[in-house]
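K.L.:
I would like the atomic coordinates for the input below:
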Amino acid sequence: MSVISKVFGKLSTGEEVKIFSLENKNGIQVDILNYGGIIAGIHVPDGKGGKRNVVLSYPDVAGYESDDLYIGATVGRVANRIAKGQFSLNGKTYDLAVNNGPNHLHGGIKGYNSRIWETSHAGESAIKLSLLSKAGEEGYPGDLIVDVTFEIKDNNQLVIEYNAIASADTIINLTNHSYFNLEGEESKSCLAHELKFASKKFAPTDETAIPTGEEVEVADGPFDFAEFKSIGKDIESDHQQIQWGKGYDHHHIVGGFEKKPRLIAEAKTAASNVSMKVYSTLPGFQFYTGNYLSGQFEERQGFCIETQNYPDAINQPQFPSPVLKKGERYEQQTIFEFITA
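P.N.:
Got it, this is the predicted structure:
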């Protein structure tokens, strides 16, 4: 078990970016950048004496600095979309940066994915990243102190703990935006992966990916992953939701906020010895199939399980509240567990 750090490169501003490599006794190595709180690699033994990186990544800092795909990034202050970049809190209306069609996406123009985080060691195979998000950044109220801890345990669980506290009432919805491909970096498609979800409902959206407010049963439709099913089986469905998203890009509903993580998703593929289980305390997850991947990546090369609260929850009171009261602590956890054959 170890944590090794080194310089990864420099941003165009001259700021230094470091990479922290966390390794457990089984040889699983997780690479974390202090830029963007990015997971830059998850290297899992391939059963043949080598390792395979099961997340999409860039080879250098320049790739991450120019990235608009949120590859591996910690996303905030509010992940996913807020309709028209606007919300009301305590009788006051706040206008946020609009950066995705008519809506606010993933914290705005300069979200947490493009910030340098402070770092501190948090254990034998753990690193803590910390950030002060000041009141008014991207339009959000209140100073927010954010801590995100990454730890790779000897049971092959990558544990991500999110903690935050605000100086004034605000909203929050943190996630990690890793794109997984369990076949490794040489694979250019995730469509053969078979997934299984705990969700029985999903949140349909309008054409701009804002939830309509409905919660629709997934049973027997293209969103049904109650049993293992390949991503590719229904991704070309003529279902209106699939057509609007160019594939899957929807919030799957698991329940409410929980004190302990519960199993929400599983993934496997015949072309890899690695399978994955995902656990979370959060109400659900955005399942995204990389429909807009570009540059060095192919469309649908990786898939995301973005554990989070409902999109646009602040504007839809029937959804779990994203409000964090002054002085209260936000504490959530997500676990990615890797099983090797």
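K.L.:
contacting residues for the spatially closest residue to Gly123 that is not a sequence neighbour?
P.N.:
In space, Gly123 comes closest to Glu151 once its chain neighbours are excluded; the distance is 6.0 Å by CB to CB, 6 or more residues apart in numbering. Any C-beta I mention is one placed from the backbone N, CA and C, and that applies to glycine too. Glu151 makes contact with Leu22, Ala122, Gly123, Ser125, Ala126, Ile127, Leu158, Val159, Glu161, according to CB atoms under 8 Å, 6 or more residues apart in numbering.
K.L.:
tell me which helix or strand Glu151 sits in.
P.N.:
With the criterion set as DSSP states H and E, the secondary-structure element containing Glu151 is strand 144-152.
K.L.:
got the angle for the helix or strand just after that strand vs strand 144-152?
P.N.:
In the C-terminal direction, the helix or strand that comes right after strand 144-152 (DSSP H and E) is strand 157-166. Here strand 157-166 runs at an angle of 170 degrees relative to strand 144-152 (axes from the mean of the first three to the mean of the last three CA atoms, to 10 degrees).
K.L.:
quick one: mean pLDDT for strand 157-166?
P.N.:
Regarding strand 157-166, the rounded mean pLDDT is 99.
K.L.:
direction included, what does that strand pair up with?
P.N.:
Applying DSSP bridges, strand 157-166 is found paired with strand 144-152 (antiparallel), strand 329-340 (antiparallel).
K.L.:
save the ones you listed as a markdown table, and put in mean pLDDT and distance to Val323 too.
P.N.:
Supplementary listing: those in a markdown table, determined by pLDDT from 0 to 100; distance: least, CB to CB, whole Å:
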| stretch | mean pLDDT | distance to Val323 |
| --- | --- | --- |
| strand 144-152 | 99 | 12 |
| strand 329-340 | 99 | 10 |
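K.L.:
of all the ones you listed, which one is nearest Pro204?
P.N.:
In this view, those are compared for proximity to Pro204 by CB to CB, and strand 329-340 is the closest at 24.1 Å.
K.L.:
now that closest one: buried residues?
P.N.:
Judged by neighbour count using 16 or more other CB atoms under 10 Å, the buried positions of strand 329-340 are Tyr330, Gln332, Gln333, Thr334, Ile335, Phe336, Glu337, Phe338.
K.L.:
pick the one among these closest to Gly36.
P.N.:
Closest approach between these and Gly36, by CB to CB: Thr334, at 16.8 Å.
K.L.:
any idea how far the closest one is from Ala313?
P.N.:
Taking CB to CB, to the nearest Å as the measure, Thr334 and Ala313 are separated by 17 Å.
K.L.:
and Asn26, what is it in contact with?
P.N.:
Asn26 makes contact with Pro45, Asp154, Asn156, Thr340, according to CB under 8 Å, 6+ apart.
K.L.:
list the beta-bridge partners for the residue lying closest to the third one once chain neighbours are set aside.
P.N.:
Once its chain neighbours are removed from consideration, Asn156 has its nearest residue in Phe338; the separation is 4.8 Å (CB to CB, 6+ apart). Per DSSP bridges, the residues bridged to Phe338 are Met276.
K.L.:
so Ile314 sits against Ile171, correct?
P.N.:
Yes. Contact between Ile314 and Ile171 holds when scored by CB atoms under 8 Å: they sit 5.1 Å apart.
K.L.:
show me which positions of the worst-scoring helix or strand of the chain on mean pLDDT end up buried.
P.N.:
Taking mean pLDDT, DSSP states H and E as the measure, strand 118-123 is the helix or strand of the chain with the lowest mean score, a mean of 89. Within strand 118-123, the residues that qualify as buried are Thr119, Ala122, counting by 16+ other CB under 10 Å.
K.L.:
next SSE downstream of it?
P.N.:
Taking DSSP H and E as the definition, the helix or strand right after strand 118-123 is strand 126-133.
K.L.:
and that following strand, what's buried?
P.N.:
Ala126, Ile127, Lys128, Leu129, Ser130, Leu131, Ser133.
K.L.:
that one pairs with which strands?
P.N.:
On the basis of DSSP bridges, the sheet neighbours of strand 126-133 come out as strand 118-123 (antiparallel), strand 144-152 (antiparallel).
K.L.:
in the stretch 51-200 of the chain, which spans are helices?
P.N.:
Counting by DSSP state H, counting those that start in this stretch, residue ranges of the helices within the stretch 51-200 of the chain are 61-66.
K.L.:
separation between Tyr112 and Thr340?
P.N.:
Relative to Thr340, and taking CB to CB, Tyr112 is found at 31 Å.
K.L.:
swap that for His252, sorry
P.N.:
When distance is defined by CB to CB, His252 is 26 Å away from Thr340.
K.L.:
burial measure for Thr208, as a count.
P.N.:
13 (other CB atoms under 10 Å).
K.L.:
from Glu151, how far out is it?
P.N.:
For Thr208, the distance to Glu151 under the criterion CB to CB works out to 37 Å.
K.L.:
low-confidence regions, the stretch 1-150 of the chain specifically.
P.N.:
Counting by pLDDT under 70, the stretch 1-150 of the chain has no low-confidence residues at all.
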